[in-house]
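In: pasting the structure only:
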């Protein structure tokens, strides 16, 4: 699940190695009532709320008092500085008074959503002391820029001292990379809100691409089962393809209760053409937090409500309703018809929805009274050269889908009892036979 403001700090992820100082100020240089090292373009304090204090400084002759008694934050930023993409910076400062303070960075990256070119802020520090105390936070740039500004974000200050800052130092640092985690570790939660236990943390992870949007953003999955899929809010320079295995570092965000991975670094396509498969689930399971971000398939689910004004429709296999949305592919259903639907489980506008990807993801279910949830299927010979036999109980009609190792559909048909498939023209390799959502592997020689 996701929120726009979050931590990109790596301070708690690993060790920090100090490097050169790129900015320092003891807040002692003022001109026309303003500290000359600060008052960058991202500062939005009123002039009257930025006050020079010429006593009690830790270093130099002055410090700055910032007044903002409201719960909405205000920014106090440096003059423009140069930053590099994926470089981490340690911000050290002394502060006293009462209020909340955190650090941030405007690095002029192309805005993501409503972030305005700001890197996600660090967590607030609650200051409640009459003695100047040293604090440290680390933040990482997502862009190379000569007009970057480091930011102090202030809220909830209390008179008479409010928040006073003295002696600021910003240094280049190297941060130990985060420990790799699986998607399950990111998604699994017992929190009623559905928020990830790693919310706002930087993680190293990866998976197989199972779906992608027209704008290049995509979903990945680690194996099958609940809690193993997630949305990646990132547009690679070279678009990914289904079956690509990718790795990267990212920040775990909650955006209107959708867990996503954002602020991607170190992105790499490790391999392509990897096999993946949908989770065969009930419609009730598809309508749940456990399968958010996962590729699922619901079988023999009857359309109970046709298209609404948002091109959404509802299916139910007897376990409960789930919506099907047209975000990736538009399909017009017939009320009362049973469908097999494959797609990504998304969460938007406080609802879980299945997003079919292509026309191959929606088909009319062919059922009979003899059909069982897990048909007994015999597939032979393996390896196959000319003909592949797919055999199951006579009198039972099943949908059969054959895909290659990349997930590309090769055959799709209905059969009763036994099907003999001519595979003579198949390229040698691994293939998969999907009988009503139950998958068996075979090899073509």
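Out: Cool, the structure landed. Please read all numbers here as calculations on a predicted model, not as lab measurements.
In: Apart from its neighbours in sequence, what residue is nearest residue 363?
Out: Nearest residue to residue 363, sequence neighbours excluded (C-beta to C-beta, 6 or more residues apart in numbering): residue 340, at 5.1 Å. C-beta here means a position set from N, CA and C on the backbone, and glycine is covered the same way.
In: which SS state does the one you found fall under?
Out: strand (DSSP: H, G, I helix; E, B strand; the rest coil).
In: so what's it up against?
Out: 297, 298, 299, 300, 301, 362, 363, 364, 365, 399, 436, 437 (C-beta atoms under 8 Å, 6 or more residues apart in numbering).
In: swap in residue 172?
Out: Residue 172 touches 19, 20, 22, 87, 88, 89, 90, counting by C-beta under 8 Å, 6+ apart.
In: Nearest to residue 204 among those?
Out: Residue 204 has its nearest neighbour among those in residue 88, at 14.8 Å by C-beta to C-beta.
In: wouldn't that closest one be in contact with residue 170 here?
Out: No: look at residue 88 against residue 170 with C-beta atoms under 8 Å: they stay out of range, at 11.0 Å.
In: now the contacts of residue 340: which count as buried?
Out: Buried subset of those (neighbour count, 16 or more other C-beta atoms under 10 Å): 297, 298, 299, 300, 301, 362, 363, 365, 399, 436, 437.
In: Following whichever strand or helix holds the second one in sequence, what is the next regular element?
Out: Spelled out, it's residue 298. Per DSSP states H and E, residue 298 falls inside strand 295-305. Per DSSP H and E, the first helix or strand lying C-terminal to strand 295-305 is strand 313-316.
In: Excluding chain neighbours, what is closest to residue 198?
Out: Nearest one to residue 198, counting by C-beta to C-beta, 6+ apart, is residue 252 at 4.7 Å.
In: again with residue 277
Out: Counting by C-beta to C-beta, 6+ apart, residue 439 is the residue found nearest to residue 277 once chain neighbours are left out, at 5.6 Å.
In: which of the contacts of residue 172 are the two that sit furthest away from each other?
Out: 20 and 88 (12.8 Å).
In: These two: which is more packed in?
Out: residue 88 (21 against 7; other C-beta atoms under 10 Å).
In: gap between the more buried one and residue 172?
Out: According to C-beta to C-beta, to the nearest Å, residue 88 stands 8 Å off from residue 172.
In: can you check residue 366 too?
Out: Distance, residue 366 to residue 172, by C-beta to C-beta: 64 Å.
In: cool, residue 403 as well?
Out: 49 Å.
In: Next: residue 26.
Out: Distance of residue 26 to residue 172, given as C-beta to C-beta: 20 Å.
In: What sits closest to residue 305 if chain neighbours are left out?
Out: Once flanking residues are discounted, residue 305 sits nearest to residue 314: 4.0 Å by C-beta to C-beta, 6+ apart.
In: give the contact list for that neighbour.
Out: Residue 314 sits next to 303, 304, 305, 321, 322, 323, 324 when contact means C-beta under 8 Å, 6+ apart.
In: Surely the last one touches residue 312?
Out: Yes: with contact taken as C-beta under 8 Å, residue 324 and residue 312 are classed as touching, separated by 6.7 Å.
In: got any residues that touch both of these two?
Out: Between them, residue 324 and residue 312 share these contacting residues under C-beta under 8 Å, 6+ apart: residue 353.
In: mean confidence score for the longest strand seen in the chain?
Out: Ranked by residue count and defined by DSSP state E, the top strand of the chain is strand 88-106. For strand 88-106, mean pLDDT is 96.
In: outside of the following helix or strand past that strand, which residues touch it?
Out: Proceeding C-terminally, strand 88-106 gives way to strand 118-119 as the next helix or strand, assigned by DSSP H and E. By C-beta under 8 Å, 6+ apart, the list of residues contacting strand 118-119 from outside reads 8, 104, 105, 106, 107, 109, 139, 140, 141, 142, 151, 263.
In: Pull out the buried positions in whatever helix or strand the residue nearest to residue 198 lives in.
Out: Following DSSP H and E, one finds residue 252 within strand 245-255. Buried residues in strand 245-255, counted by 16+ other C-beta under 10 Å: 245, 246, 248, 249, 250, 251, 252, 253, 254, 255.
In: Looking at these, which is nearest residue 158?
Out: Distances from residue 158 to the buried residues of strand 245-255, taken as C-beta to C-beta, are shortest for residue 254 (29.7 Å).
In: That closest one touches residue 199, doesn't it?
Out: Yes: counting by C-beta under 8 Å, residue 199 is a contact partner of residue 254 at 5.5 Å.
In: which residues touch stretch 57-73?
Out: With C-beta under 8 Å, 6+ apart as the criterion, stretch 57-73 contacts 26-28, 30, 35, 38, 45, 48-54, 56, 74, 76, 94, 97, 99-100, 102, 132, 152-159, 161-167.
In: Could you let me know which of the contacts of residue 340 ends up closest to residue 347?
Out: Taking C-beta to C-beta as the measure, residue 347 sits nearest to residue 298 out of the contacts of residue 340, at 16.7 Å.
In: Would you check that that closest one makes contact with residue 286?
Out: Yes: look at residue 298 against residue 286 with C-beta under 8 Å: they come within range, at 5.7 Å.
In: mind listing the helices for this structure?
Out: 183-187, 283-286 (DSSP state H).
In: Return the most buried member of the ones you listed.
Out: Comparing the helices of the chain by mean neighbour count (mean count of other C-beta atoms under 10 Å), helix 283-286 comes out on top with a mean of 23.
In: Give the bridge partners for residue 253, please.
Out: In this entry, residue 253 is beta-bridged to residue 260, by DSSP bridges.
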